[in-house]
Structure formats: C-alpha cells, structure tokens
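Student: The following comprises the amino acid sequence and a computationally predicted model.
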Amino acid sequence: MASIPTTSVVLDLPQGASRSALRAGLMASSIPPSDMPMDTPQRAALLQGLVEQRTTFVFLDISPLAHGEKLGLLDLDTLIPQGDCRQRVFLTRLEGGHVSLADRHWVRSLGFADLYPEFSIADIAGPLGQALKAMDVPVGQSEMASNLSAMVGDTKVSNPRDRLRRLTGLSAEALTQKLRGLVDVRDRMFRLKTYPQCFVGEEAATTIATTFRCTHTQAVALGQDLGTLGLLEHVTDDHAFESAHLYFRWGISDVVDRLSLGQVYAGLAAKEGVPVEDRSYLGRSYPRCWIGSEAVDWLCKRYKLSRHDSVIVLRRLAQFGLVEHVLQEHAVKDRDHFYRFAHGSGLENAAS
C-alpha cells in the first residue's frame, strides 16, 4: 500500500508574533516547520526543487528591510519555474512595508500563492486561516492558542505590526482604512501653497486616542508606527508623525489599487518609459538612472494620476525591491533625486 505524502513547510520569516502564530497553527496539525537554509546555493536548490517536492510549502518574507540580504520578487521570479509549484510559495511582508490590494493582485498574477502582511490568531479568518486552508490544514483557534502559549519566548520580538495589533486589535492595513473614515482629509494651504487631501497631526492624534481609548503618547506612537510601515507620511517628508499642526496624508490609494502594477512597471522600465541615462552629481557618476520627478511626470501623463498617487505607485515598486535610490538613502520622492531599476532589468512576467 502506497504511503500518503507528508506535508512539509519551510519558513524564511523574521522572529515575531506573526511567525509564532503561523508556527502555532502548523504545530496544532502536527506539521513542525523547518527553517530555510542560510546558504544561498542551498536556498536556491530548495526553491527550484519545489517542482518535484509537491507536498512542500514555503513562506518567504520579502520586506523592504530584507532586500540585499534575502530573496526579492525578482529573484523568486527567476528561481522558481512557472507552474503549480509557485502556488506553494507564500510571500509575506512582516518586517517592514505594507501590503495593498494591488500588491496582492500582482503576486498572484505571477503565480505565487499570495502576499500577506501578517498572521494573527486573533484574525483566524484572515491571512493565517487563508494560508492554512490553502495548504489543506484544518485547525481550530483553541489548538493554535494552546500551541502559541507554549512558545512565549518566540513572541517577545516587537515590531510596528505587533505593537499596532496589541493596541488596536487590527492589522496595520485595516487600521489605516478605519482611520481614513474618521480623520478630516481635505485640501489645505500653508504659506500660499496647497497640499491636497491631507489631515492635521494634532487632530488625528486626538481621534486615535479617543477611538482606541489610549493615551495621547500611545496615539502618537501608533501614528509613527504607521509611518514606519509607509501607511502615513508628512506632506513634504520632513517630519515623523506628531501631535502638532503639521499636515500628513495616507500612503494608500484606491486609485492605485485599481492599476496593474506589472503593466505599470513594464511600461515605466520600457525604452519609451522614464528617461534612463548616465548622470552625475557633485563630481560623482551614476550610471543608468532616472529622476524621481520625471518618473512622477510620466505616471501622471500615462495614467492620469495625481502626483501623490504616482509617488505611491513608485513606492509600491520600491517595496518589491524593484526601484531604489542610487545610494539607498531616500524613499521615492517627487524630487530631483536619482533612482534606478534594481538589477538593471524587469520581471519576465511583469505585465501579467
């Protein structure tokens, strides 16, 4: 009688509450996960071997903070063949950055299982339950909670996502959507310059403190954590969130979520896209780069976007490790900074 194939799971995730929640779910179904090899050739061999290892699932974090040390979307698109094996690869952004609907759509269009921002037992119907269901792993919330309590040592690492979940009970993305409907967002003026669709930091801090029954200090820290994840920003990128008469805006956009990031990236990186050329500044040369404000101009013209929405598009691509400042010193801004396409090429299936 043939033996039943045993499901195995490999993790390449940062320490923290999300990793612990996923491990608890797997352990509750008697599937102890293993860690991804640190050795680059071994890691590549494991991913390429998924074609034959049909009962192996992989969870990989592609947070912006991990770029340069771990595999990014371009690396994965090169390493893992098209086909069913990609459906067993779950991507996450647990350590930094955020996840939009457009991000998830692009990842799925490239054949991967999904892109998740976090895993939480408190949200069993969310990413955690979705991932376990996709692996055909039935498990109850009580079993996961029991396993999580046995792994206290693995939950001590705190990051912005963990802190936001503990304070509000919501994921960073869900919290941002909730706050969008509570704060007063409109065009505002300062020194004869108009700043479209923004809100006042002091008013937002008061709203947060009232809504979640926390102190003003906690409310400011919450806003700063949203800023760290790219979900909130000062209108000129000059301040972290604070309770003051400063203007801030959300780093998400319903308009951008309706775009195909793959098609946008393919067009932007094409010959007729943003002008790419060798440039110099203060006696130093920067080969094959482009100017941030020119990319914003191109996106505004091509897709009829606002300048803010165009910046959001570019930052989405940066979160995938596909766009970067030439010195890796700045986020993408609507300024004359130099940027480049990472690795000097585009995704083979970018226009999916």
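Tutor: Happy to help now that I have it.

Student: can you pull out the strands in the stretch 1-150 of the chain?
Tutor: Taking DSSP state E, counting those that start in this stretch as the test, the strands found in the stretch 1-150 of the chain are 8-12, 34-35, 56-61, 89-92, 114-116.

Student: Looking at these, which one is packed in the most?
Tutor: strand 89-92 (a mean of 25; mean count of other C-beta atoms under 10 Å). C-beta coordinates here come from the backbone N, C-alpha and C atoms, glycine included.

Student: That one packs against which elements?
Tutor: strand 56-61, helix 73-79, strand 114-116 (3 or more C-beta pairs under 8 Å, 6 or more residues apart in numbering; DSSP states H and E).

Student: Relative to the whole chain's centre, how far out is it?
Tutor: 11 Å (C-alpha atoms, centre = their mean, to the nearest Å).

Student: Adjacent strands (with direction) for that strand?
Tutor: Applying DSSP bridges to the sheet, strand 89-92 is found paired with strand 56-61 (parallel), strand 114-116 (parallel).

Student: which regions of the stretch 1-150 of the chain lie under the pLDDT threshold?
Tutor: 1-5, 65-70, 140-142, 144-145, 147-150 (pLDDT under 70).

Student: hmm, try it at 50
Tutor: Judged by pLDDT under 50, the stretch 1-150 of the chain has its weakly predicted residues at 1-3, 67.

Student: what are the ranges of the helices in it?
Tutor: Assigned by DSSP state H, counting those that start in this stretch, the helices in the stretch 1-150 of the chain fall at 17-28, 40-48, 73-79, 101-109, 127-134, 141-149.

Student: And for the stretch 251-352 of the chain?
Tutor: Going by DSSP H, counting those that start in this stretch, the stretch 251-352 of the chain shows helices at 254-257, 261-269, 292-303, 307-319.

Student: Can you show me the CA trace of the last one as CSV?
Tutor: Same thing as helix 307-319. Output in CSV follows, covering the C-alpha atoms of helix 307-319 (Å, rounded to 0.1, in the frame of the first residue of the first chain):
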residue,chain,number,x,y,z
ARG,A,307,1.4,63.4,-8.2
HIS,A,308,0.8,61.8,-4.8
ASP,A,309,-0.8,58.7,-6.4
SER,A,310,2.2,58.5,-8.7
VAL,A,311,4.6,58.5,-5.8
ILE,A,312,2.6,55.8,-4.2
VAL,A,313,3.0,53.6,-7.3
LEU,A,314,6.7,54.1,-7.3
ARG,A,315,6.9,53.3,-3.6
ARG,A,316,4.9,50.1,-4.2
LEU,A,317,7.6,49.1,-6.7
ALA,A,318,10.3,50.0,-4.2
GLN,A,319,8.7,47.7,-1.6
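
Student: Quick one: list the elements packing against that helix.
Tutor: helix 101-109, helix 254-257, helix 261-269, helix 292-303, strand 323-325.

Student: Let me see the mean pLDDT of it.
Tutor: Taken as a whole, helix 307-319 carries a mean pLDDT of 95.

Student: buried set for it?
Tutor: H308, D309, S310, V311, I312, V313, L314, R315, R316, L317, A318, Q319 (16 or more other C-beta atoms under 10 Å).

Student: still on that earlier bit, the helices of the stretch 251-352 of the chain: which one's closest to G97?
Tutor: When the helices of the stretch 251-352 of the chain are compared by C-beta to C-beta, helix 307-319 sits nearest G97, at 4.3 Å.

Student: ok and the closest one relative to helix 261-269, angle-wise?
Tutor: Interaxial angle of helix 307-319 relative to helix 261-269 (axes from the mean of the first three to the mean of the last three C-alpha atoms, to 10 degrees): 100 degrees.

Student: what comes into contact with helix 307-319?
Tutor: Residues outside helix 307-319 that contact it (C-beta atoms under 8 Å, 6 or more residues apart in numbering) are 64, 93, 97-98, 100, 102-103, 196-197, 230, 249, 251-253, 255-256, 259, 261, 264-265, 268, 292, 295-296, 299-300, 303, 305, 323-324, 331-334, 339.

Student: Check stretch 168-176 too.
Tutor: 98-100, 117-118, 120, 122-123, 126, 160-161, 164-165, 178, 212, 222, 225-226, 229, 231-232, 250, 252.

Student: Out of the helices of the stretch 251-352 of the chain, the one nearest S30 is which?
Tutor: Using C-beta to C-beta, the nearest of the helices of the stretch 251-352 of the chain to S30 is helix 307-319, at 35.1 Å.

Student: and the helices and strands packed on strand 89-92 as JSON lines, adding distance to S243?
Tutor: Shown next, in JSON lines, are those (distance: least, C-beta to C-beta, whole Å):
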{"stretch": "strand 56-61", "distance to S243": "32"}
{"stretch": "helix 73-79", "distance to S243": "37"}
{"stretch": "strand 114-116", "distance to S243": "32"}
